[in-house]
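Trainee: below is the structure, and that's it, no one-letter string:
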């Protein structure tokens, strides 16, 4: 019976082929993907994943948030499963690997175990979490948040997209609302493979990122209200320009983040200006500030400074301002045993590696609250993600999946 030696590896060609086949669903306009959550394209991607799970003889369950769980039984009926996975939904201009690598890397573990005739004591469950991206329905990591008890199911169902469509209605419409109570599953451990979405691994020539911590995140939606009026006939001293107020607040956000460098970051990614006409001074601006840091106190301080100095800026300009916290989570410290399993897997396989703090949010950040959790990362070209030009190499994908394979199987325990 095989043991965890350096010659025990996944089928890299099969993994890559699966990634490319999934990328055909919801193609973007520039080589990437647009498979936003609860769209018809999301449903099609789920169906393809389900077909692969069926072909592997897995038992697939779906919870009331639409998350998918495909189980390979273990030899011990009382042993808790080891879970592995990520998400299949993408940004509107997303890449082919963000999230998808983690789901299909998990499926490749199952396929490889079957190829080699290896049994594990613990079951292994491959997971596709619903709405990790949060681009259509905020906040991000919505389903894993409900699973971990951070959000209520009713609240999640009530989230609406830009067209006013409810999450619960769209989940039902695409036919992926399961009957399983969300969060009812118990886990022995959870592992997630993901591209780094940053430049460190590639810049340092490292094969593997061993993720020890995750940055905390704060999303605050800011609404600045002035008065829309004609750009040509309104005197400069009499303008109440919400767009200008927003610009000054965005400059403030940059200052706040730099004052907590190098670990803290901040920016606005979502911006709407009204009425958004060429010859009308904006009367309203709505934008979301994203602050991140591995230190909770730093995040709190950045939020407080945004509110106090943002209010002062708008008061001086004759503008009104409102703040709404729309999402966030505390910094994460991943389980030491799970992290050690990833590190030892990288060393066993001869891959260069370094510890990382994840700058992005992941489903693992919520699942860490209810089960021992850790993450594996592989490099991505130029650190680029959430962009159709997102790219990784075959070798990076294979190395990351092999480390994931070894860590998961070590935790699931090979049966002699």
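Mentor: Yep, it's here. Note that this is a predicted model, so its numbers are computed, not measured.

Trainee: next, count neighbours for residue 381.
Mentor: 15 (other Cβ atoms under 10 Å). Any C-beta I mention is one placed from the backbone N, CA and C, and that applies to glycine too.

Trainee: wait, it touches residue 203, no?
Mentor: No - counting by Cβ atoms under 8 Å, residue 381 does not reach residue 203; the two are 11.2 Å apart.

Trainee: leaving out the residues flanking it, which one is nearest to residue 111?
Mentor: Spatial nearest neighbour of residue 111, chain neighbours left out: residue 56 (6.0 Å); criterion: Cβ to Cβ, 6 or more residues apart in numbering.

Trainee: so which residues of the stretch 51-200 of the chain form helices?
Mentor: 100-116, 142-147, 153-157, 167-173, 200-204 (DSSP state H, counting those that start in this stretch).

Trainee: just those helices: most buried one?
Mentor: Highest mean neighbour count of these: helix 142-147, a mean of 29 (counted as mean count of other Cβ atoms under 10 Å).

Trainee: so how far is it from its chain's centroid?
Mentor: 12 Å (Cα atoms, centre = their mean, to the nearest Å).

Trainee: other residues contacting it?
Mentor: 63, 65-67, 129-132, 134, 139, 151-153, 156, 159, 167, 182-183, 185, 363, 366-367, 370 (Cβ atoms under 8 Å, 6 or more residues apart in numbering).

Trainee: tell me the average confidence for it?
Mentor: What helix 142-147 shows for mean pLDDT is 98.

Trainee: residue ranges of the strands in the stretch 51-200 of the chain, please?
Mentor: 59-62, 68-72, 82-86, 124-128, 189-195 (DSSP state E, counting those that start in this stretch).

Trainee: on that earlier part again, okay, the helices of the stretch 51-200 of the chain in a markdown table with distance to residue 286 next?
Mentor: Below are these laid out as a markdown table (distance: least, Cβ to Cβ, whole Å):
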| stretch | distance to residue 286 |
| --- | --- |
| helix 100-116 | 31 |
| helix 142-147 | 21 |
| helix 153-157 | 21 |
| helix 167-173 | 20 |
| helix 200-204 | 33 |
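
Trainee: closest one to residue 80 among those helices?
Mentor: helix 142-147 (15.2 Å; Cβ to Cβ).

Trainee: once you drop chain neighbours, what's closest to residue 325?
Mentor: Distances taken as Cβ to Cβ, 6+ apart place residue 220 nearest to residue 325, at 5.6 Å, with adjacent residues excluded.

Trainee: now residue 288
Mentor: residue 270 (4.3 Å).

Trainee: now residue 401
Mentor: The shortest distance from residue 401 to any non-neighbouring residue, by Cβ to Cβ, 6+ apart, is to residue 105 (4.2 Å).

Trainee: you'd agree residue 306 is up against residue 255?
Mentor: No - Residue 306 is beyond contact range of residue 255, at 10.4 Å (criterion: Cβ under 8 Å).

Trainee: re earlier: just the buried ones out of the contacts of helix 142-147, please.
Mentor: 63, 65-67, 129-132, 134, 139, 151, 153, 156, 159, 167, 182-183, 185, 363, 366-367, 370 (16 or more other Cβ atoms under 10 Å).

Trainee: which helix or strand contains residue 369?
Mentor: Here residue 369, judged by DSSP states H and E, is contained in no helix and no strand.

Trainee: need the pLDDT of it.
Mentor: Reading off the model, residue 369 has pLDDT 96.

Trainee: so residue 288, which of the three states?
Mentor: strand (DSSP: H, G, I helix; E, B strand; the rest coil).

Trainee: still on that earlier bit, for residue 289, see how far away the residue nearest to residue 288 is.
Mentor: 9 Å (Cβ to Cβ, to the nearest Å).

Trainee: please apply the same query to residue 136.
Mentor: Note on residue 136: its distance to residue 289, by Cβ to Cβ, is 20 Å.

Trainee: likewise for residue 94?
Mentor: Taking Cβ to Cβ, one finds residue 94 at 22 Å from residue 289.

Trainee: many thanks, I have nothing further to ask.
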